[in-house]
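Trainee: got a sequence here, can you build the structure:
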Amino acid sequence: MHIQEGIAVIKQVTQSDPIGMMQAAVIHSESWKVSHRNICSAEFLAIHTPER
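Mentor: Model prediction:
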């Protein structure tokens with residue numbers, strides 16, 4: 001998924017949509033890992049999950 005597609009999904013999410021919230025959390029987690037992979041350890045990246 002491209003970042004722009006992820007942003008579009010996040011914009012559609014509301015608090016009354018638990019599935020949408022999890023999708024947004026997954027997108028955030030994965031994009032955060034990509035943007036921080038050069039400055040954070042692999043161990044630290046691994047704990048940044050959608051559930052956290």
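
Trainee: got any ranges where this protein has weak pLDDT?
Mentor: Within the chain, the ranges that satisfy pLDDT under 70 run 1-4, 6-16.

Trainee: which helix runs longest in it?
Mentor: Among the segments of the chain that qualify as a helix by DSSP state H, the longest is helix 18-36.

Trainee: which helices and strands sit right next to that one?
Mentor: Applying 3 or more CB pairs under 8 Å, 6 or more residues apart in numbering; DSSP states H and E, we find helix 18-36 packed against helix 3-12. C-beta here means a position set from N, CA and C on the backbone, and glycine is covered the same way.

Trainee: secondary structure element for residue 44?
Mentor: helix 42-46 (DSSP states H and E).

Trainee: send the alpha carbons of that helix over as PDB?
Mentor: Backbone C-alpha positions of helix 42-46 (Å, rounded to 0.1, in the frame of the first residue of the first chain) are rendered in PDB as follows:
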ATOM      1  CA  ALA A  42      15.500  -3.500  15.000                       C
ATOM      2  CA  GLU A  43      14.400  -4.400  18.500                       C
ATOM      3  CA  PHE A  44      12.800  -1.000  19.100                       C
ATOM      4  CA  LEU A  45      11.000  -1.100  15.700                       C
ATOM      5  CA  ALA A  46       9.700  -4.600  16.500                       C
END
